[in-house]
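# Give me a model of this one.
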Amino acid sequence: MPISEWFGKNKNDNNGEGRAEKLVIPDGVWLKCDSCGEVVFHREFERRFKVCPKCGFHAPLGALERIAHLIDLGTFNEIATGIVSCDPLDFRANKSYTEVVEAARAKTGLAEAVVCGSGEIDGRPVAFLVMDFSFIGGSMGSVVGEKVTELFEWAADMRRPVVSVCASGGARMQEGMYSLIQMAKTSAAVGRHASTGCSYISLLCHPTTGGVLASFASLADIIVAEPKALIGFTGPRVIEQTMKQKLPKGFQTAEFMLEHGQVDMIVPRADQKETIGRLIDYTTRDVG
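Numbering: from 1, shown residues only. Next comes the predicted model:
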């Protein structure tokens, strides 16, 4: 029976007699794709790590889901823990900055917008960081910058390749200049890691923007992107007003970036672990 009939009513001119019994579907069995609108089987959607089987839409993944997707089971060990945000500007809008951070922690179960650690990808030891857009838009404040910096410094000392997975709105406005400083800080850490000869692979997900893109996310040896990911420094309107010219449609998509040499490859989620593993092999040499 087509899925559409499950949700429809059996119209009958016989005063309701002979009408098919209403089918009760438990909650959570089906969901509607945010891109194509098709109804898909929830279990199949999760099995594909939240990729629509009908249109290929890549729905957002949280940090812990990314770790489960890319890192070998039981090999991930978190590092750079115990660092907490302060409120250097005593920032207040509708809520205080402290309240915003506490709400994000309760919502995501994470301490901050990035999770850093060591693990293995198909048996290859790596240093790994993943950003979670659900945590204040994956924004980079002083804690995120410190955790990213510590990871690259640890990887440099241990002679490990780094794999980063970014989804971010950029700098965290509640920290003002303290947030912007993290761009230089993380970039310097990437430079020190590169000087050891170890490789760095960056995976850009939807969306990767602002100060994160303008710093460590775009400094990798190889930059990989997810299909149709939004990648750019700032919004199209701001860029057009600054440049005083109309920009082409879709200029901030992964596909446009690939065509113009800003990313090296676009890899669907199903192939990312195998592809990143091969890239580590291609770029790794004896750096002991």
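# so where's the stretch 101-250 of the chain uncertain?
The stretch 101-250 of the chain contains no residues with pLDDT under 70.
# for the protein, what spans make up the helices?
Applying DSSP state H to the chain gives helices spanning 3-7, 42-47, 63-70, 97-108, 142-158, 177-195, 210-213, 236-243, 254-259, 272-283.
# Quick one: the ones you listed as TSV, columns for distance to residue 221 and mean neighbour count too.
(Glycine included, C-beta is placed from N, CA and C.) Formatted as TSV, these follow (distance: least, CB to CB, whole Å; neighbours: other CB atoms under 10 Å):
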stretch	distance to residue 221	mean neighbour count
helix 3-7	45	11
helix 42-47	32	13
helix 63-70	18	19
helix 97-108	30	16
helix 142-158	13	22
helix 177-195	8	18
helix 210-213	16	26
helix 236-243	27	11
helix 254-259	16	18
helix 272-283	6	17
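# for those helices, which one sits closest to residue 230?
Nearest of the helices of the chain to residue 230, taken as CB to CB: helix 254-259 at 8.1 Å.
# avg pLDDT for that closest one?
For helix 254-259, the mean per-residue pLDDT is 96.
# where's that helix relative to the chain centroid, distance-wise?
Relative to its parent chain, helix 254-259 has a centroid offset of 18 Å by CA atoms, centre = their mean, to the nearest Å.
# quick revisit: can I get the helices of the chain in TSV with distance to residue 122?
Below are the helices of the chain laid out as TSV (distance: least, CB to CB, whole Å):
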stretch	distance to residue 122
helix 3-7	36
helix 42-47	19
helix 63-70	10
helix 97-108	27
helix 142-158	18
helix 177-195	22
helix 210-213	27
helix 236-243	38
helix 254-259	24
helix 272-283	4
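# out of these, nearest to residue 79?
helix 142-158 (6.0 Å).
# elements contacting that closest one?
Applying 3 or more CB pairs under 8 Å, 6 or more residues apart in numbering; DSSP states H and E, one finds that helix 142-158 makes contact with strand 114-121, strand 124-131, strand 162-168, helix 177-195.
# The same query, at a cut-off of 7 Å, please.
If you count contacts as 3 or more CB pairs under 7 Å, 6 or more residues apart in numbering; DSSP states H and E, helix 142-158 packs onto strand 114-121, strand 124-131, helix 177-195.
# could those go into a markdown table alongside distance to residue 149?
Below are the helices and strands packed on helix 142-158 laid out as a markdown table (distance: least, CB to CB, whole Å):
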| stretch | distance to residue 149 |
| --- | --- |
| strand 114-121 | 10 |
| strand 124-131 | 10 |
| helix 177-195 | 4 |
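# So for residue 231, which of these sits nearest?
Closest to residue 231 of those, according to CB to CB: strand 124-131, at 13.7 Å.
# can you tell me how far residue 216 sits from residue 270?
26 Å (CB to CB, to the nearest Å).
# cool, residue 233 as well?
29 Å.
# cool, and residue 255?
Noted for residue 255: a distance of 18 Å to residue 270, by CB to CB.
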